[in-house]
Every structure is written in C-alpha cells, then in structure tokens.
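K.L.:
Below are the sequence and a predicted model; questions follow.
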Amino acid sequence: MIDLPVAAKTDADKVAYCYRALERLRLWHNEHGLLVPQKKLTLPQFREWQRVEYRPRCVKTCARLNSLRDQRVYYKPDPRTGADDARQVTIDAERKGYKLAGLADSSWDQWIDPDKLLAAEVKPPLPDPTENLTTYTEVDPNSHITPGPGGDNDKAAFAGLSREETAYLVTDDGAGFWSGDWDIDGEVYVDANTGTAYFFWLCFANTASDWKTILDADGDAIGLRFRVGSSQHIYENDGGDLYSDDYGAADPSTPYYHSKLRDDDAGTHGTVYDYIYSDAARTTLLDTLSVALHSQLDYRYFFALQSGNYGNNATNDGYINEIDRHQAAAANVPAAFDHYMKRRRA
C-alpha cells in the first residue's frame with residue numbers, strides 16, 4: 001500500500017488523499033496515452049507501460065483506499081417496486097461526496113508524485129482468447145438478444161432488454177475454471193433506453209440465471225452494472241451481500257471500453273478492479289473502480305450479458321462487443337483450461 005502523508009490525520013483526510021492520488025495517476029496515464037497518436041510510443045509499448053508502471057501503482061493506491069473506505073453491505077432495492085433502499089441512498093451520497101471532494105482537492109498534490117508511488121509486483125501477461133458470442137448459450141424467452149448481428153461474432157446486440165425479465169448470454173467453463181488472476185476486456189454501448197434501465201455484463205457466478213435470482217438465493221457473483229444515464233458499477237455479491245464501487249456516468253450513445261481484473265494476491269481475499277476508458281485503444285482513462293473481495297472464490301459461469309430482473313420494465317437498446325478473456329491457467333483446473341483453449345482455436 002502507498003504511504004500516507006503526515007497531513008492526513010483523519011480518516012476523511014486519508015480517503016481524500018487516496019482519491020486524489022488515483023486522480024493524479026489517471027492524469028499521468030492519459031499524458032502517456034497522448035504519446036501514442038503523436039507516434040512517440042507504439043500501442044504495444046503503451047500497453048507494456050500500463051502493465052509494468054501504471055496498474056501496479058493503481059493496485060497499491062486502491063489497496064490503501066479499500067482499507068479506509070466504507071465497505072458496508074449494499075442495501076437491496078425493494079423487490080416489489082425496484083426502488084432504492086433509503087439507507088443505500090444515504091450511503092451512496094456519502095461515498096460520492098468523499099470521492100468528488102478527494103478527486104478535486106489539489107492541496108494534496110504536494111505529497112503526490114505518480115512516478116514515485118511504490119509499484120507492486122509485476123505479473124506476466126495472461127493468455128488472450130477472443131470470444132465468439134454466437135457459441136454462448138442464450139436464455140432469452142422474449143427474443144431481446146441477438147448474438148453475432150450482421151455476422152459480427154464478437155458482438156451481441158440487445159433491443160428492448162428489460163430490467164424485470166430473465167435473459168442472459170452465458171458460457172459454462174466447468175467447475176472452478178475462473179480461479180486465480182483474470183483480466184476481461186469489453187465494449188458497451190446503449191443508444192436508446194426507457195426510464196431507469198440497467199443490465200449486467202462481464203459477470204461471473206456459479207449458477208446460470210439472472211442477477212437477482214442469484215442474489216436472492218444468497219449466491220456468489222462478480223459483475224458490472226450499466227445504469228443508463230446514471231452510473232456504472234462493479235459489484236461483488238458475496239453470499240447475498242453486495243459490495244460495490246461506481247463511476248458516475250453511463251451516457252447513452254457513448255461507447256465505453258472496460259478492462260476488468262481480479263488480482264488474487266491483493267488484499268485478504270483478492271481485489272477486483274474495473275478500468276473504464278473512452279477509446280478502443282484504451283489510452284484515455286475515465287476512472288478506476290475497485291472492490292476488496294470478501295471471499296476468495298472460483299467461478300464456473302461467465303456471462304457476457306445478464307438481465308437484472310429488478311422491479312420495473314425500463315428497457316435498453318445497444319450492444320456489447322469485442323470481449324477478450326485473459327486467464328492465468330490454474331493448477332487445479334488444467335483439463336478445463338485445455339478444453340477451453342481447444343474450443344477457442346476450433
């Protein structure tokens with residue numbers, strides 16, 4: 001974890017310092033990203049810089065932030081109406097206030113030099129199988145999801161996908177397949193919505209169902225939620241208890257590019273991160289989200305797309321695209337990994 005300055009005396013000060021350190025790291029990242037179109041760095045060189053220099057420092061900073069930030073359980077929406085619990089509204093407002101204040105507080109800058117923040121151990125890059133979404137199992141009784149539209153097998157379009165239905169696009173990789181470190185890239189885009197529409201994507205679970213069914217059964221899952229016009233969240237569902245971090249924008253007609261990672265060695269049970277970018281080359285970082293996990297679990301199912309099945313019939317039109325799954329082959333599931341790689345090469 002990064003060291004805190006002596007001026008950070010209260011917990012609020014320490015949280016503010018960490019958020020400002022993350023903001024300085026984000027700006028540092030984007031300064032390097034500008035070198036790519038200027039031909040001063042190649043994209044592969046920039047990717048290596050992200051892996052070796054930028055992300056390890058993010059891990060250090062998020063570790064300190066997660067040790068300080070309020071990790072109270074997320075209060076679930078009312079299952080009858082989908083309305084947010086009043087207690088959760090208060091917690092979300094509190095967290096948002098701390099984050100916005102910290103990001104903007106340049107008084108901490110005298111103690112922050114991104115290049116001198118201690119870097120964590122650098123791990124080797126992971127294998128890179130790209131997904132053909134037409135090979136996934138589609139559970140879609142209302143025919144709202146279209147894998148491979150126009151012959152583009154890396155994409156899945158959705159139209160009229162409702163908050164309150166059961167619909168998902170999933171692959172069964174075998175028990176315990178998703179263990180250790182992993183890294184998932186993907187693009188998300190919504191061009192039309194009604195009401196407070198949202199859906200989940202890039203999710204892991206040990207039950208094939210919609211998000212709420214897994215949650216209500218006290219199951220386990222990790223996923224991203226896109227709430228149109230409001231926010232993008234990363235969630236851990238730990239036996240029915242939710243923990244989250246969020247980015248306060250999810251604009252329609254705007255593509256977002258995500259890199260979602262799990263570092264099994266960061267924290268007691270590992271940590272999951274979500275890096276959100278505005279460009280496909282991933283040179284312009286918008287925000288970094290992280291949740292210190294409360295259980296160190298392996299997962300069987302990967303959901304490219306998943307309905308929430310919460311509360312009302314607000315709908316989304318859009319797509320997910322170019323999902324790349326990178327995973328360190330775990331010692332306890334070599335057969336499953338070999339089978340997966342053979343299927344991807346076929």
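P.N.:
Thanks, I have the structure now.
K.L.:
any idea which helix or strand carries residue 60?
P.N.:
Here residue 60 sits within helix 55-68, counting by DSSP states H and E.
K.L.:
and the helix or strand just after that helix, what's its mean pLDDT?
P.N.:
The first helix or strand that comes after helix 55-68 along the chain, using DSSP H and E, is helix 86-104. For helix 86-104, mean pLDDT is 85.
K.L.:
ok so, going back, any buried residues in the helix holding residue 60, and which?
P.N.:
Of all the residues in helix 55-68, those buried under the rule 16 or more other C-beta atoms under 10 Å are 55-66, 68. All C-beta atoms are positioned from the backbone trio N, CA, C, and that covers glycine.
K.L.:
likewise stretch 159-167?
P.N.:
Neighbour-count burial for stretch 159-167, counted by 16+ other C-beta under 10 Å, picks out 159, 161, 162, 163, 164, 165, 166, 167.
K.L.:
Pull the distance from that stretch to the chain's centre.
P.N.:
With C-alpha atoms, centre = their mean, to the nearest Å as the basis, stretch 159-167 stands 21 Å off its chain's centre.
K.L.:
Need the residues that contact it.
P.N.:
82, 139-142, 144-146, 196-199, 209-210, 213, 305-317 (C-beta atoms under 8 Å, 6 or more residues apart in numbering).
K.L.:
Can you show me the CA trace of it as PDB?
P.N.:
The C-alpha atoms that make up stretch 159-167 are tabulated as PDB, following Å, rounded to 0.1, in the frame of the first residue of the first chain:
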ATOM      1  CA  ALA A 159     -33.200  -4.400 -28.100                       C
ATOM      2  CA  GLY A 160     -36.000  -3.900 -25.600                       C
ATOM      3  CA  LEU A 161     -34.000  -5.700 -22.900                       C
ATOM      4  CA  SER A 162     -36.000  -5.100 -19.800                       C
ATOM      5  CA  ARG A 163     -34.900  -4.700 -16.100                       C
ATOM      6  CA  GLU A 164     -37.500  -7.200 -15.000                       C
ATOM      7  CA  GLU A 165     -37.000 -10.200 -17.200                       C
ATOM      8  CA  THR A 166     -34.800 -13.200 -17.100                       C
ATOM      9  CA  ALA A 167     -32.400 -13.100 -20.100                       C
END
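K.L.:
Shouldn't residue 313 be within a strand?
P.N.:
No: using DSSP: H, G, I helix; E, B strand; the rest coil, the assignment for residue 313 is coil, not a strand.
K.L.:
Only whichever of the contacts of stretch 159-167 are buried, select them in ChimeraX.
P.N.:
The buried subset of those, as determined by 16+ other C-beta under 10 Å, is captured in ChimeraX by this line:
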select :82,139,140,144,145,146,196,197,198,199,209,210,305,306,307,308,309,310,311,312,314,315,316,317
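K.L.:
Tell me how far residue 85 lies from residue 72.
P.N.:
12 Å (C-beta to C-beta, to the nearest Å).
K.L.:
what does residue 117 give?
P.N.:
28 Å.
K.L.:
Those two: which has the busier surroundings?
P.N.:
More crowded of residue 117 and residue 72, by other C-beta atoms under 10 Å: residue 117, with 18 against 13.
K.L.:
contacting residues around the residue nearest to the spatial centre of the chain?
P.N.:
In the chain, the C-alpha nearest the mean C-alpha coordinate belongs to residue 274, at 3.6 Å (C-alpha atoms, centre = their mean). Contacts for residue 274 (C-beta under 8 Å, 6+ apart) come out as 224, 232, 234, 245, 258, 259, 260, 261, 288, 289, 290.
K.L.:
Now list the buried members of these.
P.N.:
224, 232, 234, 245, 258, 259, 260, 261, 288, 289, 290.
K.L.:
helix or strand for the second one, which one?
P.N.:
Residue 232 is located in strand 231-238, with elements delineated by DSSP H and E.
K.L.:
got it, and the last one?
P.N.:
Here residue 290 sits within strand 285-292, counting by DSSP H and E.
K.L.:
Give me the next element, helix or strand, following that strand.
P.N.:
strand 301-306.
K.L.:
so for that following strand, what's the average pLDDT?
P.N.:
For strand 301-306, mean pLDDT is 96.
K.L.:
Break the chain down into its structural domains.
P.N.:
11-116, 133-345 (automatic domain parsing).
K.L.:
Can you say which of those domains is nearest to residue 2?
P.N.:
Across the domains of the chain, residue 2 has its closest neighbour in domain 11-116 (5.0 Å, C-beta to C-beta).
K.L.:
and that closest one, how far apart are its ends?
P.N.:
The straight-line separation of the ends of domain 11-116 (C-alpha to C-alpha, to the nearest Å) is 23 Å.
K.L.:
now that domain, how far from the chain's geometric center?
P.N.:
On C-alpha atoms, centre = their mean, the centre of domain 11-116 falls 13 Å from that of its chain.
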